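> sequence first, then the predicted structure, then my questions.
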Amino acid sequence: MGRFLLRRFVSSIPVIIGILALVFALARMIPGDPCRAALGERATDEICDAYNERYGLNEPILVQFGIYITDVATGDLGESFRFGVPVTDLLIQRLPTTIELAAAALFIAIIVGVPLGIISAYRHNSKTDVATMIGANIGVAMPVFWLGLMLQYIFAVFLRDTPLALPPSGKLDAGLIPIPFYEAWGLPQNGFMEFLSEFTLMNSLVTLQWEIFQSAFLHLILPAVALATIPMAIIARMTRSSLLDVLGLDYVRTARAKGLRERSVILKHALRNAMLPVVTIIGLSFGLLLGGAILTETIFNLAGVGKTLFDAITSRDYTVVQGFTLVVAISFVIVNLIVDLLYTYLDPRVRVS
Amino acid sequence: MNHDPDDQPLDSMEASDAIRDEVRMDLSGGDVSATTAGGLWRTAGREIVRKKSAIIGMALLSVLLILAAFAPIIAPYDPGRVLFDEGVSPRDPPCIHLFGCAEDQSQHILGIDGNGRDYFSRIVYGARVSLLAAFVAVLFAMFWGTIIGLISGFFGGWADNVLMRMMDVLLSFPSLLLAIAVVTVLGPGLINAILAIAIVTIPQYARIVRSSVLSIREQEYVSADLALGVTRWRLLAHRIFPNTLTPLIVIATLGVATAVLEIASLSFLGLGVQPPTPEWGSMLAAERNQVFTAPHLVFFAGLMIMWNVLGFNLLGDGLRDAIDPRLGR
């Protein structure tokens, strides 16, 4: 197992180097002077000379790439000209919002998608099955930005003044400012603590700030549902088809023949095997979530990685685009690595082969 | 997706070459004529009309194709024409005489957009942009993906290694993110958006073609051709390539759906089609802040995108089931 882990880990290194090379190349392909592209209007000749010197832009391209890799390895992703802060600091502030959103969406997608798939497979060709699959087909086809806007309209306008009304945008109600847990507990402040405290739900929960927790929770519902819809539909379809395959196997017939209850046959015997492809799909949908987060955060005005990236593109803040793209792509690789390992844990046959 | 070569046509070329057919029959131990390419597609054609999903998919797409082809006849107004001189005001709600809208008002069945243009006409013309952009993106990706996959699978060795590692890197990005990065470099616009979506999807086609080539390469009829002295290029062009087409077409049909969605997403973010060209994603983006006051301007554009994606998805699913029932349920 140890050797397998190591091999799998080593095999993702070339991919990460490839990502670095691609992001580096894309940044160099932006038309015009890289200094003026990165620093924008305020760049004078002196500033640009200093900038070129600092980032080795006068060196040969391979040396530049070496410098870039070293910078990235030491956590230096450059500085945002729009915000005037290092991109790394911006990531510390913005990443937790996106992780919270993606995690909530994935949670919804799994707890709704998997049971729907199971029911569909169990009642194969019934009305429930047909309805679920029509729903899943429509769910996959829905543009996430459209769904987000429609949810905003339904829950903030149409259902206004009913108990079902939900806030259409932002992370918290206006005027609410959460106290970071390190301040509440008298802990030292540093980058990592700040990063953790930006997980608003978690932070307000551990410091017992109920009003903030409630507000953050309500604000998270609509964007999470919008983002969850496509993965949910994909997971439901995959669970259904995978479970149908497994239910046709001999060992399931044996389980039934020996008089096990249907519930036990499906949940204990069939489901474990049927979940293998579903785990892969869940891993792959993480990419969908990250892409979808750009659209969802823009619509719901959530200051996460996606919205920051979008704003950076429109304001030509290329350092931010470059840094954020890199971090998102690398986290996607890491998630896929984790999914692979999980897969090996679930299915020992993979390790053997 | 697994691609099983067993139910592939043994040969898509003419069955008239008697000597070759004889050799092939000897090697494969089967009857060639029963599984010619035409036969496969005929069977698929018969199968596909039995698939409900494919029928619904084709019906949805036919509507769009009719809208796109006859846009100038169907649309009551020019999509770019501002109608303020005809007494409309920005974001007027739909007015349909049949449903009780006053006869003295001009009829606009989906209302007026923020710039005073007939929304229905823009939706109709939007079908052209959406379909065309998605098709071009998929054809481009298919072309390069096929070339890369053929080289990789057929020649193997270092070329295979280098090409496939490059594909791995492209696949390791969330597709929309990479497309955004590419458009950021190239600059916004329809052509660049198409190019970005195409680049991002090349690996899918390259991989599927490569895996088909790998399995076809091991078939007896390929060995037979090699033994008969057929050149490698001829083999590639006339034996291997035609046999990779089946999975490729299925993937491409489903790929059009993804392309439609991603081009609309890029346009929504302001990176794709630029106004005033009528395109559903950018039309939606232009009115998104008015969703609380004029929801119809957001609703119909999104509905059309969904319609389009749903059509290609259903058709792709049906096509896949018809060609190879084992590929998916």
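Ah, there it is.
> please identify which residue in the stretch 151-300 of chain A comes closest to chain B.
A:Gly291 (3.3 Å; C-beta to the nearest C-beta). Every residue, glycine included, has its C-beta placed from N, CA and C.
> how much space separates A:Arg316 from chain B?
With distances taken as C-beta to the nearest C-beta, to the nearest Å, A:Arg316 is found 9 Å from chain B.
> ramachandran angles for that residue?
Main-chain dihedrals, A:Arg316, degrees, to the nearest 10: phi 60, psi 40.
> for the host helix or strand of B:Ala127, name the packing helices and strands.
Using DSSP states H and E, B:Ala127 falls within helix B:119-155. Judged by 3 or more C-beta pairs under 8 Å, 6 or more residues apart in numbering or on different chains; DSSP states H and E, helix B:119-155 is in contact with helix B:52-69, helix B:71-74, helix B:157-171, helix B:190-217, helix B:241-268, helix B:280-286, helix B:296-323.
> which residues touch the most centrally placed residue in chain B?
Taking C-alpha atoms, centre = their mean, the centroid of chain B lies closest to B:Val256, which sits 1.9 Å from it. Taking C-beta atoms under 8 Å, 6 or more residues apart in numbering or on different chains as the criterion, B:Val256 is in contact with B:134-135, B:138, B:312, B:316.
> try 7 Å this time
B:134-135, B:138, B:312 (C-beta atoms under 7 Å, 6 or more residues apart in numbering or on different chains).
> among those, which one lies nearest to B:Ile323?
B:Phe312 (15.9 Å; C-beta to C-beta).
> and the closest one, how close does it get to chain A?
9 Å.
> quick revisit: what residues sit buried inside the helix holding B:Ala127?
The neighbour-count check on helix B:119-155 (16 or more other C-beta atoms under 10 Å in any protein chain shown) flags B:119-131, B:133-134, B:136-138, B:140-142, B:144-146, B:148-154 as buried.
> what parts of chain B come near chain A?
Residues of chain B that fall close to chain A, judged by C-beta under 7 Å from any C-beta of the partner chain: B:165, B:168-169, B:172-177, B:180-181, B:184-185, B:261, B:264-265, B:268-270, B:284, B:288, B:291-292, B:295, B:298-299, B:302, B:305-306, B:309-310, B:313-314, B:328-329.
> and the residues you listed, which are buried?
Applying 16+ other C-beta under 10 Å to the residues of chain B next to chain A flags B:168-169, B:172-177, B:180-181, B:184-185, B:261, B:264-265, B:268-270, B:284, B:288, B:291, B:295, B:298-299, B:302, B:305-306, B:309-310, B:313-314 as buried.
> so where does the closest residue to A:Cys35 other than its chain neighbours fall, helix or strand?
Distances taken as C-beta to C-beta, 6 or more residues apart in numbering or on different chains place A:Cys48 nearest to A:Cys35, at 4.0 Å, with adjacent residues excluded. According to DSSP H and E, A:Cys48 maps onto helix A:45-54.
> export only the CA atoms of the following helix or strand past that helix, formatted as PDB.
Note on helix A:45-54: by DSSP H and E, the next helix or strand toward the C-terminus is helix A:61-73. C-alpha atoms of helix A:61-73 as PDB (Å, rounded to 0.1, in the frame of the first residue of the first chain):
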ATOM      1  CA  ILE A  61      12.900  32.300 -20.600                       C
ATOM      2  CA  LEU A  62      14.100  29.100 -18.900                       C
ATOM      3  CA  VAL A  63      15.700  31.000 -16.100                       C
ATOM      4  CA  GLN A  64      12.500  33.000 -15.800                       C
ATOM      5  CA  PHE A  65      10.600  29.800 -15.400                       C
ATOM      6  CA  GLY A  66      13.100  28.600 -12.800                       C
ATOM      7  CA  ILE A  67      12.500  31.900 -10.900                       C
ATOM      8  CA  TYR A  68       8.800  31.500 -11.200                       C
ATOM      9  CA  ILE A  69       8.900  27.900  -9.800                       C
ATOM     10  CA  THR A  70      11.100  29.000  -6.900                       C
ATOM     11  CA  ASP A  71       8.700  31.900  -6.200                       C
ATOM     12  CA  VAL A  72       5.700  29.700  -6.200                       C
ATOM     13  CA  ALA A  73       7.400  27.200  -4.000                       C
END
